[in-house]
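sequence and predicted structure below; questions after.
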Amino acid sequence: MKAFLLLIFMLPAFAWADGDEILITLKNHRFEPTQVTAPAGQKLKLRIENKDATPEEFESDSMGREKVVPGNGSAILFVGPLTAGKYSFYGDYHEKTAQGVLIAK
């Protein structure tokens with residue numbers, strides 16, 4: 001019984017250590033939300049859901065990540081741990097409209 005209770009109290013720590021998932025949606029060649037906030041110093045899981053019929057390449061020079069997200073599909077990216085600051089991202093195929101920023105605090 002003690003082991004079970006200990007496991008229950010430790011579960012949030014394990015979930016947080018793996019990083020919470022941050023959802024970013026792409027629709028009409030625009031990211032929503034355009035600004036997300038995340039904890040600095042921790043590994044993060046980004047889920048990019050593309051609601052458009054055409055593919056888009058999620059790209060971030062400052063986070064050092066890029067990944068093609070298929071039309072009407074999704075992709076997972078792991079980033080970090082990031083130091084406190086602003087990290088821009090954009091859609092490489094529609095760079096004029098698909099813009100966003102991740103703020104690590």
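Thanks, I have the structure now.

now name the helix or strand holding the residue nearest the centre of the chain.
Nearest to the mean C-alpha position of the chain, by Cα atoms, centre = their mean, lies Leu46 at 2.1 Å. In this assignment (DSSP states H and E), Leu46 forms part of strand 44-50.

buried ones in that strand?
Neighbour-count burial for strand 44-50 flags 44-46, 48, 50 (criterion: 16 or more other Cβ atoms under 10 Å). Where C-beta positions appear, they are placed from N, C-alpha and C, glycine not excepted.

same for that strand, what does it pack against?
Counting contacts by 3 or more Cβ pairs under 8 Å, 6 or more residues apart in numbering; DSSP states H and E, strand 44-50 packs against strand 21-27, strand 56-60, strand 65-69, strand 74-79.

what's the neighbour count on Lys86?
10 (other Cβ atoms under 10 Å).

quick one, what contacts it?
Contacts for Lys86 (Cβ atoms under 8 Å, 6 or more residues apart in numbering) come out as 62, 101-104.
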